[in-house]
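In: The following comprises the amino acid sequence and a computationally predicted model.
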Amino acid sequence: GGRQRCVVVPPAERQHVLHDRGDLVAAQDVVGAERRHHAEARVRVILVADAVADGVLDRIERPAPDPGVVGEGRVVELAGAAEPVAPAAGVSGMAGRVRVLARRVAELHVALARRTGDAAFDPEPASDEDVARWARNARDECLQTLARLRDRAEPWPEPLRDGVAQAIGAESALLSGIEAAAASGLRPLKTRVHGDLHLGQVLVCRDDFVLIDFEGEPGRGFEERRVKTSALRDVAGMLRSFDYARHAALQAAAAGEPGQERLAPLARRWEREMRAAFLESYADTVVEAGLYADRAAFAAAAVLLRMFELEKALYELRYEMDNRPDWIGVPLAGIAALAGVDNSSRN
């Protein structure tokens, strides 16, 4: 038959909502081996396409390389090669794939925003109290997370101290951004969402993508995961994931500090272009579907998106503090960027 767009939805609760909606395909489960832990898997699937799903994941195979295209997983590797190459071709090629991924995410959100008569899934307009509650939660998470940084019993290792001090010093700017979201007057649509969307939840499906693991953030309770919210939370998760991808690629390709300094500009360009490509394609799809009145309305929602990005970065920081302290530099840099601090000379 013809090629199918692949969005895999494991939980049975959501299958009746998404099944047979347009081009979306609902399936019972995903190959267990691909359910890797989110903090370790988030950098793998898009940056290095080492697993693809055939059809609705009836088997896993490795795609044949295209000799005429610079592979997206080799962009940073090629930048450090002895012979001159054009890694920019890989960056540009990957942006095209990210646009496809953004359309699939947007189509998922469009499907979840359709009325079905099921009260657990039907969309609702956010109220003033909803937006105020989101802002209160973001403010509380910001204050509590920065307090954990500040109150750590042991000093942070030297390479991390500047980033820690920078994040703590940015508290006022971060809180101002949250207040701006609360005062924006925006009242977005509330729907059910993926809840834990990042690159580790994406599989390559031939020339398309599969979204997996709709259980929501593992650190939140079941009822909290089912609460309707803004789909921009999923978008924020993807944007933060691009940041993790570039840092992981740098560490893998250049173990030494001089190597990272040489490759950092290319990795930074990769992230910025992936962000821009994702947002542009996502906006095109949701505006066309009527979730936003026009591109200006979507652009106006950026203040909410930044607040959700900050929440995600704070969540990542707490996770890394508890599990991989040597990785806290990644969310710290993201938090600094959201506060308007320019770290381009450092990373």
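Out: Perfect, thanks for sending it. Numbers count the residues shown, from 1 in each chain.

In: Looking at the residue nearest to Gln166 when sequence neighbours are not counted now. What's its pLDDT?
Out: In this structure, Gln166 finds its nearest non-sequential neighbour in Ala336, 5.1 Å apart by C-beta to C-beta, 6 or more residues apart in numbering. Just so you know, the C-beta spots here come from the backbone N, C-alpha and C atoms, and that holds for glycine as well. pLDDT for Ala336: 95.

In: Next: Ala339.
Out: In this prediction, Ala339 carries a pLDDT score of 95.

In: Output whichever strand or helix holds the residue nearest to Gln166 as PDB, restricted to C-alpha atoms.
Out: Using DSSP states H and E, Ala336 sits in helix 329-338. Listed next in PDB are the C-alpha coordinates belonging to helix 329-338 (Å, rounded to 0.1, in the frame of the first residue of the first chain):
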ATOM      1  CA  GLY A 329      25.900  22.600  32.300                       C
ATOM      2  CA  VAL A 330      23.400  21.800  29.500                       C
ATOM      3  CA  PRO A 331      20.300  22.900  31.300                       C
ATOM      4  CA  LEU A 332      22.200  25.700  33.000                       C
ATOM      5  CA  ALA A 333      23.100  27.200  29.600                       C
ATOM      6  CA  GLY A 334      19.500  26.900  28.500                       C
ATOM      7  CA  ILE A 335      18.300  28.700  31.600                       C
ATOM      8  CA  ALA A 336      20.800  31.400  31.000                       C
ATOM      9  CA  ALA A 337      19.700  31.800  27.400                       C
ATOM     10  CA  LEU A 338      16.100  32.100  28.500                       C
END
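
In: Am I right that the residue nearest to Gln166 is in contact with Ile168?
Out: No - contact status for Ala336 versus Ile168: not in contact, 10.5 Å apart, counting by C-beta atoms under 8 Å.

In: These two: who's more crowded?
Out: Between Ala336 and Ile168, Ala336 has the larger neighbour count (other C-beta atoms under 10 Å), namely 23 against 14.

In: and the more buried one, how far is that from Ala182?
Out: Ala336 is 22 Å from Ala182, where distance means C-beta to C-beta, to the nearest Å.

In: ditto for Val193
Out: With C-beta to C-beta as the criterion, Val193 and Ala182 are 20 Å apart.

In: Tyr244 too?
Out: As judged by C-beta to C-beta, Tyr244 and Ala182 stand 28 Å apart.

In: ditto for Val100
Out: Taken as C-beta to C-beta, the span from Val100 to Ala182 is 34 Å.

In: quick one: which of the two has more around it?
Out: The neighbour comparison of Val100 against Ala182 (other C-beta under 10 Å) goes to Ala182, with 21 against 15.

In: For the lengthiest helix in the chain, list every residue counted as buried.
Out: Longest helix in the chain by number of residues (criterion: DSSP state H): helix 257-288. Buried residues in helix 257-288, counting neighbours by 16 or more other C-beta atoms under 10 Å, are found at 260, 263-264, 266-271, 273-275, 277-279, 281-287.

In: ok, now stretch 177-188?
Out: Quick answer for stretch 177-188 (16+ other C-beta under 10 Å): 177-178, 181-182, 184, 186, 188.

In: try stretch 160-180
Out: 160, 163-164, 166-167, 170-171, 174-175, 177-178.

In: among those residues, which two are most distant?
Out: In the buried residues of stretch 160-180, two members sit farther apart than any others by C-beta to C-beta. They are Leu160 and Ile178, at 24.6 Å.

In: that older thread, just name the closest of the buried residues of stretch 160-180 to Glu316, please.
Out: Ala167 (12.1 Å).

In: Assign a three-state SS to that closest one, would you?
Out: helix (DSSP: H, G, I helix; E, B strand; the rest coil).

In: Give the full set of residues in contact with it.
Out: 146, 149, 317, 332, 335-336, 339 (C-beta atoms under 8 Å, 6 or more residues apart in numbering).

In: Between those residues, which sits nearest Leu239?
Out: The shortest approach to Leu239 among those belongs to Ile335, at 13.4 Å (C-beta to C-beta).

In: That closest one contacts Glu171, doesn't it?
Out: No - applying C-beta under 8 Å as the test, Ile335 and Glu171 come out as separate, 9.9 Å apart.

In: so what's in contact with the two at the same time?
Out: Counting by C-beta under 8 Å, 6+ apart, nothing touches both Ile335 and Glu171.

In: Which residues are in contact with Ala336?
Out: 163, 166-167, 170, 343.

In: For Val210, which three-state class applies?
Out: Look at Val210: counting by three-state DSSP, its state is strand.

In: Reformat the contacts of Ala167 as TSV; add distance to Val202.
Out: Compiled in TSV, the contacts of Ala167 are given as follows (distance: C-beta to C-beta, whole Å):
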residue	distance to Val202
Leu146	31
Leu149	30
Leu317	23
Leu332	25
Ile335	24
Ala336	27
Ala339	28
